[in-house]
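[1] Fold the following for me, if possible:
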Amino acid sequence: MNLTVAPLKIDEQKVAVVTGASKGVGRGVAFALAQAGFDVAVDYRGDQKGAEETAEKIRAMGRNALVVQADVGFKPEVDRMFDLILERLGTPAVLVNNAGVQTWKPLLDLTEDEWDRVLRTNLKGTFLCSQRAARHMAKQRRGRIINIGSGCNKAPFPNLVDYTSSKGGIEMFTRVAAVELGYYGITVNCVAPGMIEIERTRAESPDYAGTWAPLTPLRRIGQAADVAAVVTFLASPQAEFINGQTIYVDGGLLSQVPWPYPVERGKV
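    Below is the predicted model of the structure:
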């Protein structure tokens with residue numbers, strides 16, 4: 001099966017919105033979509049410098065980039081963001097709900113404010129942005145919404161109960177939205193990264209790669225580009241009949257179960 005991203009037709013809308021695109025996975029996704037021919041709205045909440053750096057590189061690729069500040073957990077900010085995108089770039093063909101936060105803390109110590117912040121940003125933000133984008137996509141009878149999930153869609157992550165709960169909600173939101181929005185020619189899918197090396201994960205562990213690569217069947221950890229490649233495929237014409245799915249980008253890590261016996265390797 002050829003997974004090469006086909007070039008966009010000349011009359012096809014070429015605007016993508018990526019939330020949380022100032023760094024990490026969001027930045028990698030924004031770059032990949034620009035390379036695929038999209039103009040990109042680069043959303044950020046607090047890291048303006050990072051967002052501007054993302055936009056500068058997109059412009060260097062010959063695409064338009066619009067930097068927009070918005071906390072996606074608040075409807076007035078989401079509305080303001082989309083109003084500006086519609087005015088400056090046009091109707092989005094692709095929305096990538098990537099913005100997310102987490103609290104590294106045991107369940108018994110987690111505060112209500114911390115829980116609310118994570119659920120508001122990750123889950124409510126996905127709802128608000130999807131609803132607003134889909135209302136415009138529906139008029140065009142086409143669109144792609146791609147939600148960034150997590151490996152914790154498949155396995156529980158201790159000390160991340162709020163984050164894990166939000167990502168589980170995103171997966172079910174994806175499935176329901178896919179059923180409802182398919183009538184309008186809009187597909188909704190979830191990309192669930194496993195252990196991806198970005199600024200945040202490097203800060204969490206002094207040897208992130210050394211910790212997770214030996215546990216992964218492919219014997220390496222993922223990079224933002226690995227996630228971006230799947231997102232870009234889902235935004236391409238080849239993926240027009242893929243809807244309501246969660247695709248894991250984890251090198252096979254979370255497909256494993258605890259196995260007490262040595263794994264024998266075949267001769268090559």
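
[2] alpha carbons only for contacts and neighbour counts from here, please
    Noted.

[3] Low-confidence ranges, the stretch 101-250 of the chain, go.
    198, 201-202 (pLDDT under 70).

[4] how about the strands in it?
    Secondary structure of the stretch 101-250 of the chain (DSSP state E, counting those that start in this stretch): strands located at 143-148, 186-193, 196-197, 222-223, 246-249.

[5] could you dump the ones you listed to JSON lines with distance to E56 and mean neighbour count?
    Compiled in JSON lines, the strands of the stretch 101-250 of the chain are given as follows (distance: least, C-alpha to C-alpha, whole Å; neighbours: other C-alpha atoms under 10 Å):
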{"stretch": "strand 143-148", "distance to E56": "24", "mean neighbour count": "28"}
{"stretch": "strand 186-193", "distance to E56": "26", "mean neighbour count": "26"}
{"stretch": "strand 196-197", "distance to E56": "23", "mean neighbour count": "21"}
{"stretch": "strand 222-223", "distance to E56": "21", "mean neighbour count": "20"}
{"stretch": "strand 246-249", "distance to E56": "28", "mean neighbour count": "21"}
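
[6] can you list those strands in CSV and add distance to W104?
    Formatted as CSV, those follow (distance: least, C-alpha to C-alpha, whole Å):
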stretch, distance to W104
strand 143-148, 19
strand 186-193, 18
strand 196-197, 17
strand 222-223, 21
strand 246-249, 22
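
[7] Can you show me the helices along the protein?
    Per DSSP state H, the chain carries helices over the ranges 24-35, 48-60, 75-88, 112-119, 125-140, 161-181, 199-204, 208-212, 224-234.

[8] With distance to K105 and mean neighbour count as extra columns, can I get these in CSV?
    CSV is the format used below for those (distance: least, C-alpha to C-alpha, whole Å; neighbours: other C-alpha under 10 Å):
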stretch, distance to K105, mean neighbour count
helix 24-35, 22, 24
helix 48-60, 27, 18
helix 75-88, 28, 16
helix 112-119, 10, 16
helix 125-140, 22, 20
helix 161-181, 8, 21
helix 199-204, 13, 12
helix 208-212, 19, 16
helix 224-234, 25, 21
